[in-house]
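**Q** Provided below for reference: sequence and predicted model.
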Amino acid sequence: MSRMIVSMMAVIFVTISLFAATVFGNSLSQDLESRLAVSEPEEEIAIIITMAEKADLSKIKKLSTLERRRALPQVLRSHAETTQADLIKYLKTKGSRNLRSIWVTNLLAATVRSELIPMIAERTDVSAIRLDKELPFVSSPKSIDAAPVGQGD
């Protein structure tokens, strides 16, 4: 009896994996798919959402270098605000937390219930979702003034 249950569980897992790959395409990262396979529906997962639409920078290409440097942050920030607005509204109504816009690259960081991730992946304004991982802290390099002075300098 237990072999039959294990076999059924394996078939279900493979079916779910194939279904997820078919429905979501490449929008979910491999590590996020693995995490979803073992998570409970109410479990919160920190994710990074890549928005599908990229900013149109053609308007500022003809500007001088100085003008471009001044205009670029505003263009990127404005584009992120516009393209992320509906998704942010949706996530807030679903109780998502820690929403942070990464406007430079049009990403949105959020902590969401795992059951919402497939619905987010189906959205046409989203191109990819991956786990938001903590990176180890790397201390800054020593300043040049603190470096030892070599012989003959």
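**A** Cool, got the structure.
**Q** So which elements touch the helix ranked longest in the chain?
**A** Ranked by residue count under DSSP state H, the longest helix found in the chain is helix 65-93. Secondary-structure packing of helix 65-93 (3 or more Cβ pairs under 8 Å, 6 or more residues apart in numbering; DSSP states H and E): strand 44-51, strand 97-102, strand 107-113. Glycine gets a C-beta too; all of them are placed from N, C-alpha and C.
**Q** Now tell me what touches the last one from outside.
**A** For strand 107-113, the external contacting residues (Cβ atoms under 8 Å, 6 or more residues apart in numbering) are 41-51, 84, 87-88, 91, 94-102, 120, 132.
**Q** Direction-wise, compare it with helix 65-93 and give the angle.
**A** With axes from the mean of the first three to the mean of the last three Cα atoms, to 10 degrees defining the directions, strand 107-113 sits at 10 degrees from helix 65-93.
**Q** Partner strands of strand 107-113 and their direction?
**A** Note on strand 107-113: by DSSP bridges, its sheet partners are strand 44-51 (antiparallel), strand 97-102 (antiparallel).
**Q** Can you point out the buried residues in the last one?
**A** To tie it back to what came earlier, the one meant is strand 97-102. Going by neighbour count (16 or more other Cβ atoms under 10 Å), the buried part of strand 97-102 is 99, 101.
**Q** Likewise for the longest one?
**A** Buried residues in strand 44-51, defined by neighbour count with 16+ other Cβ under 10 Å: 44-45, 47-51.
**Q** Could you report the pLDDT at the residue positioned nearest the centre of the chain?
**A** What sits nearest the mean C-alpha location of the chain, by Cα atoms, centre = their mean, is I48, with 1.9 Å. Note on I48: pLDDT of 97.
**Q** K142 too?
**A** We note a pLDDT of 64 for K142 in this prediction.
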